[in-house]
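A.B. asks: give me the fold of what follows.
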Amino acid sequence: MSTAEPIVIVTGAAGHIGQAIARELSRRGVRLALVDQKLDETSALAAELDATNQGALAVHTDITSDQDVCSMVDQTIEHFGAIHGVVNNAGIEGPVMSLEDLDLAEVQRVFDINLFSIMRVLRESLPHLKESSGRIVNIASGAGLRGASQMVAYNSSKHAVVGLTRSLALETAEFGIPVNAVCPGTIESPMMGRIETELSRRAGVANTSFIPQIPMGRYGYPEEVASLVAYLLLDAPVYISGTTLVVDGALYA
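C.D. replies: Prediction:
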């Protein structure tokens, strides 16, 4: 991304990984549209990143709403004048249970947030990304690369994000727009804590931890995900496109 002050949309900006991504990009001179339904948290983050100097804009958005997403993109263009990159980070873990117990309405909600929101955001952003020869990073998951028991809704939605990334990379190649997916493994976050708690409850055990399975012997840090996202947006060769990069301490090696 060659522009001196690139402008990037980050969805799910109020979450742990979203905040880490925003801070890393801001540190590197990126101006940000911080997108989330949690307006208080996003506004506080924007203030931290010096919104008074037009460094960040908090945009209250329901990414499951076509109207909200259109408005968010319009506000970004009105405020900054361009879009050079999009980080689709918003996501939820959904129900932790077997397929037999799943309410399909809950599965549809997981897909609406984890997959269809990406389609909404990119559908509205792509005309502007074509003008700027921008870049796209989708936050998928290590769960998008292999199966996991009791996580059918989340896993299948993240597999779909990987598929979307690969297909869109083919569509945008002629415009010089790279599209890649970052696949975090087990990252320290409230989401990981909720998954562990529910898996423990369902198994009837005191504590479930993935650490014994991780070769590096620890969970990843949100900042490690953020560093990779920043590389793909700002430094990576444009020729890297349609790929998935895993941040998992060699868990899936």
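
A.B. asks: out of the helices and strands in this structure, which is least certain?
C.D. replies: helix 190-203 (a mean of 83; mean pLDDT, DSSP states H and E).

A.B. asks: retrieve the pLDDT associated with G163.
C.D. replies: Each residue has a pLDDT score; the one for G163 is 98.

A.B. asks: just M1 next, same as before
C.D. replies: 69.

A.B. asks: give the ranges of residues in the protein that sit below the confidence cut-off.
C.D. replies: By pLDDT under 70, the low-scoring segments of the chain are 1-3, 51-54.

A.B. asks: center of it, which residue is that?
C.D. replies: For the chain, the residue nearest the mean C-alpha position is N89 (1.6 Å; Cα atoms, centre = their mean).

A.B. asks: now that one, nearest residue through space, not along the chain?
C.D. replies: Nearest residue to N89 in three dimensions, chain neighbours excluded: G12, at 4.1 Å (Cβ to Cβ, 6 or more residues apart in numbering). Heads up, the C-betas are built off the backbone N, CA and C, glycines and all.

A.B. asks: what does K130 give?
C.D. replies: In space, K130 is closest to F175, 4.9 Å off (Cβ to Cβ, 6+ apart).

A.B. asks: any idea how far the one you found lies from L129?
C.D. replies: Distance of F175 to L129, given as Cβ to Cβ, to the nearest Å: 8 Å.

A.B. asks: same check on R218?
C.D. replies: Separation of R218 from L129 (Cβ to Cβ): 36 Å.

A.B. asks: returning to that earlier point: ok, F175 and L129, which is more surrounded?
C.D. replies: Neighbours were counted for F175 and for L129 using other Cβ atoms under 10 Å; L129 has more, 23 against 12.

A.B. asks: distance of the residue of the chain positioned farthest from its centre from A236?
C.D. replies: Here the chain reaches farthest from its C-alpha mean at G204, the gap being 31.9 Å by Cα atoms, centre = their mean. Distance from G204 to A236, counting by Cβ to Cβ: 45 Å.

A.B. asks: got it, and Q37?
C.D. replies: If you go by Cβ to Cβ, the gap between Q37 and A236 works out to 30 Å.
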